[in-house]
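**Student:** Quick one: sequence and predicted model below, then my questions.
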Amino acid sequence: MGSQISWESRFARRAARITSSTIRELLKMAQQPGMITFSGGLPAPELFPAEAMAQASARLLREKANQALQYSTTEGYPALREWVAARLPGTQPDQVLMVSGSQQALDLLGKIFIDVGSPVAVESPTYMGALSAFNPYEPEYLSIAMDEEGMIPEALEAVLQRGPRFVYALPTFQNPSGRLMSLERRRKLVELADKYSVPIVEDDAYAELYYSDQKLPTLYSLDQQMRGGGEGNVIYLSTFSKTLAPGLRVAYAAGPRAVIHKLVQAKQGADLHTGSLNQMLVYEMVKYGLEEQLSKIRQTYTARRDVMLEALAQHLPKGIVWNQPKGGMFIWVQLPQGMDAVSLFKKALEQKVTFVPGQPFHADGSGHNTLRLSFSNAEPELIREGIRRLGRAAEEEMEL
Ligand code: PMP
């Protein structure tokens, strides 16, 4: 018998950058009965259009099995690409790539844009999953300070001057902060990125989850407007995960043909193509519009957000502040300086409630006094009880 291989020594160097965060480990501890979780960014499963999907997939398998079960092109299901292109200004179907979740687009973008040590600009905080996707390509992050209206222009310009490969931006109901970048800041970002010739990756996963009438133009469309059409500097990502179902793993990237073409080549090596049946199923679900589904989601999440905001006001001790998101799934909480969200997390676990501590969303390691609460996945009664528990944990932590 040979001896057991020491696997760590066999892994590629980049594998050292592929780690699960301490937070994930902490969250594993939270899988106990009776726990109220505000940690996962999960859509409400009762809103999945399961019955309509059951019928549509039965129909597809009856009528189009040869296509639905066969290999297909890397670019994606043509009818769905057309549907996507028709919804984006100045975009042709050949500028759209269907991907296996926008998470895959983030990985592929890392693969084609990031060399070891390449500067990459990210908001602070930013989507933790993007950092996990980019990390193995070994970028050097340039963090851009934000306030409630998004990236602060002076901080943005200082970073753009350092020539990042791209700016990764989440202007609409950002994960984790729920923030909505103002129109003025959006314009400024598009102008500055143009001035310094820096591409923008716009991750617009929460675009449809707005709970007021205010729908702001995407960076992608502002960039188009600014140049009067044609290909621009913005690579746009969105997904059907938050509007239909994340388990389908269907999302898309759109943008300049040269980038889409390179992404297609990268995707060929990753998974050949996104599941044919799933793409066709998404098309069946969206081809007559998603309005009914979206209005159900908006109604349910608006109510849950309002319940959580009310409960926070009622139960959290003075000194803790949070924002009032106009959409999305998250509320961003700031603890007093010096109070540590991981320490609060441990107290919260004892009270049987969870959230995500904010530090891992910060590429520069800051944010120890921040945390993310997700309101999409719990019934109002549980939200009230969960925030009551969080209030108790916070009082203990502050020794009130
Ligand atoms: N981007 C953002 C901002 C997200 O919040 C998520 C999901 N949590 C993703 C991308 C990944 O989504 P998916 O891969 O399901 O499309």
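**Tutor:** Done, it's in.
**Student:** longest strand anywhere in the chain?
**Tutor:** Longest strand of the chain, by residue count under DSSP state E: strand 140-147.
**Student:** does stretch 242-255 come close to the ligand?
**Tutor:** Yes: using Cβ under 6 Å from any ligand atom, stretch 242-255 comes into contact with the ligand via 246, 251. Using the backbone N, CA and C atoms, a C-beta is placed for each residue, glycine as well.
**Student:** one step back: what sits up against the longest strand of the chain?
**Tutor:** 117-125, 131, 151-152, 155-156, 159, 162, 164, 167, 177, 179, 362-364, 366 (Cβ atoms under 8 Å, 6 or more residues apart in numbering).
**Student:** Selecting buried members of those in PyMOL, what would you type?
**Tutor:** Those of the contacts of strand 140-147 that count as buried under 16 or more other Cβ atoms under 10 Å are selected in PyMOL with:
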select buried, resi 118+119+120+121+122+123+124+125+131+151+152+155+156+159+164+167+177+179+362+363
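**Student:** Tell me the buried residues in the longest strand of the chain?
**Tutor:** 141-144, 146.
**Student:** start to end distance for stretch 70-79?
**Tutor:** One end of stretch 70-79 sits 16 Å from the other (Cα to Cα, to the nearest Å).
**Student:** what subset of the buried residues of strand 140-147 is also close to the ligand?
**Tutor:** Near the ligand, judged by Cβ under 6 Å from any ligand atom, there are no entries from these.
**Student:** can you list these in a markdown table and add pLDDT and distance to residue 221?
**Tutor:** Output for the buried residues of strand 140-147, formatted as a markdown table (pLDDT from 0 to 100; distance: Cβ to Cβ, whole Å):
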| residue | pLDDT | distance to residue 221 |
| --- | --- | --- |
| 141 | 98 | 27 |
| 142 | 98 | 26 |
| 143 | 98 | 26 |
| 144 | 98 | 22 |
| 146 | 98 | 22 |
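**Student:** Which two of these have the greatest separation?
**Tutor:** 141 and 146 (14.3 Å; Cβ to Cβ).
**Student:** about what we covered before: so how far is the longest strand of the chain from its chain's centroid?
**Tutor:** On the basis of Cα atoms, centre = their mean, to the nearest Å, strand 140-147 sits 17 Å off its chain's mean C-alpha point.
**Student:** Name the strands paired with that strand and say parallel or antiparallel.
**Tutor:** Partners of strand 140-147 in the sheet, by DSSP bridges, are strand 119-124 (parallel), strand 150-151 (antiparallel).
**Student:** quick one, which of these is nearest to residue 261?
**Tutor:** strand 119-124 (21.3 Å).
**Student:** Next, the buried residues of the helix or strand following the closest one.
**Tutor:** Per DSSP states H and E, the first helix or strand lying C-terminal to strand 119-124 is helix 128-134. Going by neighbour count (16+ other Cβ under 10 Å), the buried part of helix 128-134 is 128-134.
**Student:** near the ligand at all, stretch 188-208?
**Tutor:** Yes: using Cβ under 6 Å from any ligand atom, stretch 188-208 comes into contact with the ligand via 203, 205.
**Student:** For that stretch, what does the pLDDT average out to?
**Tutor:** Across stretch 188-208, pLDDT averages out at 98.
**Student:** Which parts of the protein are strands?
**Tutor:** Shown for the chain, the strands assigned by DSSP E span residues 36-37, 96-99, 119-124, 140-147, 150-151, 167-169, 200-203, 234-239, 251-254, 321-322, 330-334, 353-354, 356-357, 370-374.
**Student:** which residues does the residue nearest to residue 223 when sequence neighbours are not counted contact?
**Tutor:** Spatial nearest neighbour of residue 223, chain neighbours left out: residue 232 (4.0 Å); criterion: Cβ to Cβ, 6 or more residues apart in numbering. Contacts here follow Cβ under 8 Å, 6+ apart; on that basis residue 232 touches 220, 223-224, 226, 255-256.
**Student:** which among the residues you listed end up buried?
**Tutor:** 220, 223-224, 255-256.
**Student:** quick one: the least confident helix or strand in the chain by mean pLDDT near the ligand?
**Tutor:** Lowest on mean pLDDT, DSSP states H and E among the helices and strands of the chain sits helix 22-29, with a mean of 76. No: residues of helix 22-29 are not located near the ligand by Cβ under 6 Å from any ligand atom, the shortest gap being 13.5 Å.
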